[in-house]
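Novice: this one's structure only:
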Ligand SMILES: [Zn+2]
Ligand SMILES: [Zn+2]
């Protein structure tokens, strides 16, 4: 028995999209990372090797609108949390035909019907007050337990993760 809202394999596979390349940044192949959370559905962060995020999405097989729960989860991972703005979140419902025949059959066999609801979080590049460009980046370093989303200039001299950067390097004991 899977958790309500969890995606069965046939739906997970239907949502898997090919990689693509980092748009208007480095043109490197996009990597897909999963995130763990208390929510039953599946998270995916699509980012280039430099950590520039193309899109983050959360997919749940449900009749509810998961947007508010998604926003709360993203707020916990994002510094500052105010980077997660309601208008950057978009809800789409996938009902079957565009997911392929296997997924469509699975959806059709479920009563009462429920859709695959996907919340997309996309932050477009923006300008800081000094005119420099800011992009949404993600840090997966293991020094913090959860991913950290933050805005920084990807061509700047520092990585910019506000959690890693706050840690002082460990002193060598003599
Ligand atoms: Zn890139
Ligand atoms: Zn970090």
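Specialist: Perfect, thanks for sending it. Keep in mind that what you see is a predicted model, and the values were worked out from it rather than measured. Ligands and ions are numbered 1, 2, ... in the order given.

Novice: next one: stretch 74-86 to chain centre, how far?
Specialist: Relative to the mean C-alpha coordinate of its chain, stretch 74-86 is positioned 12 Å out (CA atoms, centre = their mean, to the nearest Å).

Novice: got the end-to-end distance for it?
Specialist: 11 Å (CA to CA, to the nearest Å).

Novice: so is it next to ligand 2?
Specialist: No - for stretch 74-86 and ligand 2, the contact criterion (CB under 5 Å from the ion) is not met; the two come no nearer than 9.5 Å. The C-beta positions use only the backbone N, C-alpha and C, and glycine is treated the same way.

Novice: and the residue nearest the centre of the chain, which of the three is it?
Specialist: Averaging the C-alpha coordinates of the chain gives a centre point, and the residue nearest to it by CA atoms, centre = their mean is residue 56 (2.3 Å). At residue 56 the chain is in strand, as set by DSSP: H, G, I helix; E, B strand; the rest coil.

Novice: any regions of this protein where pLDDT drops low?
Specialist: Counting by pLDDT under 70, the ranges of the chain that qualify are 1-2, 166-174.

Novice: ligand 2 contacts on that one?
Specialist: Within the chain, the positions lying close to ligand 2 (CB under 5 Å from the ion) are 139, 141, 148, 161, 163-164.

Novice: could you rerun that using 6 Å?
Specialist: Residues of the chain lying close to ligand 2 by CB under 6 Å from the ion are 139, 141, 144, 148, 161, 163-164.

Novice: the residues you listed, buried ones only, as a PyMOL selection?
Specialist: Written as a PyMOL command, the selection of buried residues from the residues of the chain next to ligand 2, which uses 16 or more other CB atoms under 10 Å, is:
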select buried, resi 139+148+161+163
